[in-house]
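Chemist: Here is a sequence together with a model predicted from it:
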Amino acid sequence: MMHWLRDLLCGALIGAGAILPGVSGGVLAVVFDIYRPFMELLTHPRTAVKKYWKWFPPIALGWCAGFLGFAKGIAAAIDSSSTVTTWLFIGLIVGTGPSLFREAGKEGRGASAWVSLVLCALAVFGGLFYISRIVCVCVEPNFWWYNFCGVLWGMSIVIPGMTSSSVMMALGLYQPMLEGLANLDLLVLSACLPGMFLSIILLARLVTWFFRTHYAVAFHGILGFVLASTLVIIPTAYRSGGEVLLSILCCLGGFLLAFFLDRMDRRLQDAA
């Protein structure tokens with residue numbers, strides 16, 4: 001039961017992280033030790049189903065709850081205070097940092113790994129900063145743009161560290177997409193879900209090969225992605241002192257939640 005509840009909660013957080021600006025569902029999947037089984041399912045489904053069949057039902061249910069169910073709650077939270085909501089997930093990302101660092105160093109930390117970390121951090125930070133702070137591009141939402149959003153979401157799941165929501169915000173697509181998911185709009189669902197699944201299937205084998213052949217470089221690159229995407233979304237404007245205090249509390253709450261999940265995951269692995 002503890003395993004089942006843990007996987008359900010992790011799936012919900014991954015699904016919610018996929019739709020929050022600056023958060024990568026793929027990174028959360030890595031730090032919750034779900035990424036490898038998921039990629040194995042995509043590349044070698046027959047063996048993966050036999051090996052991980054107990055994992056997938058609660059994770060899938062949690063992901064659906066986080067991605068679709070949390071959309072309404074996150075939309076309401078962002079409308080109330082996007083600053084506080086962002087700090088909650090920043091705390092969650094920071095809390096997963098030690099676990100991600102341990103995962104990246106499992107096969108050593110050579111010079112190429114550190115170069116990967118620095119280059120990825122600079123590239124992601126520069127790209128997101130340019131899109132969100134310098135270029136102001138807005139498009140008219142339609143079926144094809146919603147399909148594009150689905151492709152971005154699929155990439156953020158398969159490629160840990162990619163923050164698809166930040167790109168959608170820069171194009172003016174994030175708010176209508178989030179509202180469509182919250183209201184279960186048929187146009188939005190029929191456009192974004194096929195695009196998401198298609199990008200996952202097409203990229204799965206390529207990404208799996210890269211992680212298998214260049215493990216340390218790939219995971220230190222993820223560290224760079226996480227660092228850069230977290231720095232670029234740190235809020236700089238606050239409406240009141242109360243919002244500052246609430247942001248601190250939510251950040252601490254997100255950190256403690258991630259810490260608790262990491263501790264629980266270690267205990268479950270030791271018990272197994």
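Modeler: The structure has been received and is ready for your questions. Numbering: from 1, shown residues only.

Chemist: so where do the helices sit in this structure?
Modeler: 2-19, 25-31, 35-43, 45-52, 56-64, 70-104, 111-129, 143-158, 164-171, 174-182, 186-213, 215-232, 241-271 (DSSP state H).

Chemist: Send over the first one as CSV, restricted to the C-alpha atoms.
Modeler: Spelled out, that is helix 2-19. Extracted C-alpha coordinates of helix 2-19, given in CSV (Å, rounded to 0.1, in the frame of the first residue of the first chain):
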residue,chain,number,x,y,z
MET,A,2,2.9,2.4,0.8
HIS,A,3,4.5,1.7,-2.5
TRP,A,4,1.1,2.3,-4.3
LEU,A,5,0.4,5.6,-2.5
ARG,A,6,4.0,6.8,-3.1
ASP,A,7,3.8,6.0,-6.9
LEU,A,8,0.3,7.7,-7.0
LEU,A,9,1.6,10.9,-5.4
CYS,A,10,4.8,10.9,-7.6
GLY,A,11,2.6,10.5,-10.7
ALA,A,12,0.4,13.4,-9.6
LEU,A,13,3.4,15.6,-9.0
ILE,A,14,4.9,14.8,-12.4
GLY,A,15,1.6,15.5,-14.1
ALA,A,16,1.3,18.8,-12.2
GLY,A,17,4.9,19.7,-12.9
ALA,A,18,4.4,19.3,-16.6
ILE,A,19,1.9,22.2,-16.7
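
Chemist: Which strands or helices does it pack on?
Modeler: Under the contact definition 3 or more C-beta pairs under 8 Å, 6 or more residues apart in numbering; DSSP states H and E, helix 2-19 sits against helix 25-31, helix 56-64, helix 70-104, helix 143-158, helix 164-171, helix 241-271. Every residue, glycine included, has its C-beta placed from N, CA and C.

Chemist: 10 Å - rerun?
Modeler: helix 25-31, helix 56-64, helix 70-104, helix 143-158, helix 164-171, helix 174-182, helix 241-271 (3 or more C-beta pairs under 10 Å, 6 or more residues apart in numbering; DSSP states H and E).

Chemist: what do you get for the longest one?
Modeler: For helix 70-104, the packing partners by 3+ C-beta pairs under 10 Å, 6+ apart come out as helix 2-19, helix 25-31, helix 111-129, helix 174-182, helix 215-232, helix 241-271.
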